[in-house]
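**Student:** I need the structure of the sequence given here:
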Amino acid sequence: MAPLPMTPASTLNGKTILFVNAGSTKKRFTLEHARKCGVNIVLLHRQCQPYARLIDHGIDVDTYNLDESVEKLQAFLSAHPDLALD
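**Tutor:** I've put the predicted structure just below:
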């Protein structure tokens, strides 16, 4: 597989992006690429611990449960008022 083209650092560097589900281990490269671009990563996932080295914040939740996901995300954002998702 060809490497992904790097997005200019000025475009993504310092941005905070919410990832909903990390996907399978085959999709781990999306988090790795975002990290290389300087993205601050907030992950909404069933178990965030396996991704701890790649993310800045993790919210453990069953993402198939929409109500619980929204509730936990809102609680997280309330607890981190200085954090803004881009």
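
**Student:** now stretch 34-53: average pLDDT?
**Tutor:** Averaging pLDDT along stretch 34-53 yields 95.

**Student:** stretch 16-27 too?
**Tutor:** Stretch 16-27 comes out at a mean pLDDT of 89.

**Student:** buried ones in the lengthiest helix in the chain?
**Tutor:** Counting residues, the longest helix found in the chain (DSSP state H) is helix 66-79. Using 16 or more other CB atoms under 10 Å as the test for burial, helix 66-79 gives Ser69, Lys72, Leu73, Phe76. Quick note: C-beta positions are derived from backbone N, CA and C, even for glycine.

**Student:** now swap in stretch 20-28 and tell me
**Tutor:** So, applying 16+ other CB under 10 Å, buried residues of stretch 20-28: Ala22.

**Student:** and it, how far out from the chain's middle?
**Tutor:** Distance, stretch centre to chain centre, for stretch 20-28: 10 Å (CA atoms, centre = their mean, to the nearest Å).

**Student:** what's in contact with that stretch?
**Tutor:** Contact partners of stretch 20-28, identified using CB atoms under 8 Å, 6 or more residues apart in numbering, comprise Thr30, Leu31, Leu43, Leu44, His45, Cys48, Tyr51, Leu54, Thr63, Ser69.

**Student:** the third one: how many residues sit nearby?
**Tutor:** When neighbours are counted by other CB atoms under 10 Å, Leu43 registers 22.

**Student:** in the protein, which spans are helices?
**Tutor:** So, for the chain - with DSSP H - the helices run 9-12, 28-36, 66-79.
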